[in-house]
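Participant: sequence first, then the predicted structure:
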Amino acid sequence: ANIASFKNRGIDFSVAYGFDLKEVVDFAKDDSRIDLSLQGTHLLQYDFVAQAGQAARKYAGTAGTPSWKLSGTASYSDDVFTFAWTTRFEDNQVADETLLPITEGQPLPRIPFYTGDVWYHDVRVLYKVSQDLVLRAGVQNVMNDRPPNHPTVYQGTGNTTSGNWDNRGRFLYAGVNVKF
């Protein structure tokens, strides 16, 4: 029988606000807009019990399960051009506990390794050449921020997940959408 259990609690939220730029700035194009959005999760509890009667293992705030995870976007758009800036955030997480040298007769001391807060910034642009042709380009991780300097972060092994951090650094892309 499967008797293991998880207990999760948290708060998810999303807010968005947009407006026509012409309402604020007289010289703006008639069809120009500003859009702002913020999505987030505040993880309050993420406990795992392997077997009934055992103490819960608490994962909230450990690598892969940050207490706070946010993503916000600010964009400008008009009938031919779009520019968007997205910022992603994960708060400080415990990634590992490293054993210290053993002292005779003493319990094994551990030092937690913390990831530190992580911020990534992405930009994208779209240019509508015609109804049938759209050019797009962007940069993910504009600042080329590296993940925490810990072996399991890069390998995706142990008790961390490489999916939480940008292991490849800055990434540029471009594309064309064509309608036939």
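Facilitator: Received it, and whenever you're ready, just let me know what you need.
Participant: for the strand or helix carrying residue 83, name the packing helices and strands.
Facilitator: Taking DSSP states H and E as the definition, residue 83 sits inside strand 81-90. When contacts are defined as 3 or more C-beta pairs under 8 Å, 6 or more residues apart in numbering; DSSP states H and E, strand 81-90 packs onto strand 68-77, strand 118-130. Yep, even glycine has a C-beta here, placed from its N, CA and C like the rest.
Participant: adding distance to residue 62, mean neighbour count and mean pLDDT, write those out as TSV.
Facilitator: Below are the helices and strands packed on strand 81-90 laid out as TSV (distance: least, C-beta to C-beta, whole Å; neighbours: other C-beta atoms under 10 Å; pLDDT from 0 to 100):
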stretch	distance to residue 62	mean neighbour count	mean pLDDT
strand 68-77	13	16	97
strand 118-130	14	15	96
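Participant: coming back round to it: for the record, mean pLDDT for the strand holding residue 83?
Facilitator: The average pLDDT for strand 81-90 rounds to 96.
Participant: give me the contacts around it.
Facilitator: 66, 68-77, 115, 117-128, 164 (C-beta atoms under 8 Å, 6 or more residues apart in numbering).
Participant: show me the shaky parts of this structure.
Facilitator: Along the chain, the parts satisfying pLDDT under 70 run over 1-2, 96-111, 150-163.
Participant: mind listing the helices for it?
Facilitator: Along the chain, counting by DSSP state H, helices occupy 151-155.
Participant: residue 5 and residue 49 touch, don't they?
Facilitator: Yes: counting by C-beta atoms under 8 Å, residue 5 does reach residue 49; the two are 5.0 Å apart.
Participant: of these two, which one has the most company?
Facilitator: Neighbour totals were compared for residue 5 and residue 49, and residue 49 leads with 15 against 12 (other C-beta atoms under 10 Å).
Participant: report the central residue of the chain.
Facilitator: By C-alpha atoms, centre = their mean, the chain has its centre lying nearest to residue 88, at 4.5 Å.
Participant: partner residues bridging it?
Facilitator: residue 71, residue 120 (DSSP bridges).
Participant: how much space between it and residue 68?
Facilitator: Separation of residue 88 from residue 68 (C-beta to C-beta, to the nearest Å): 12 Å.
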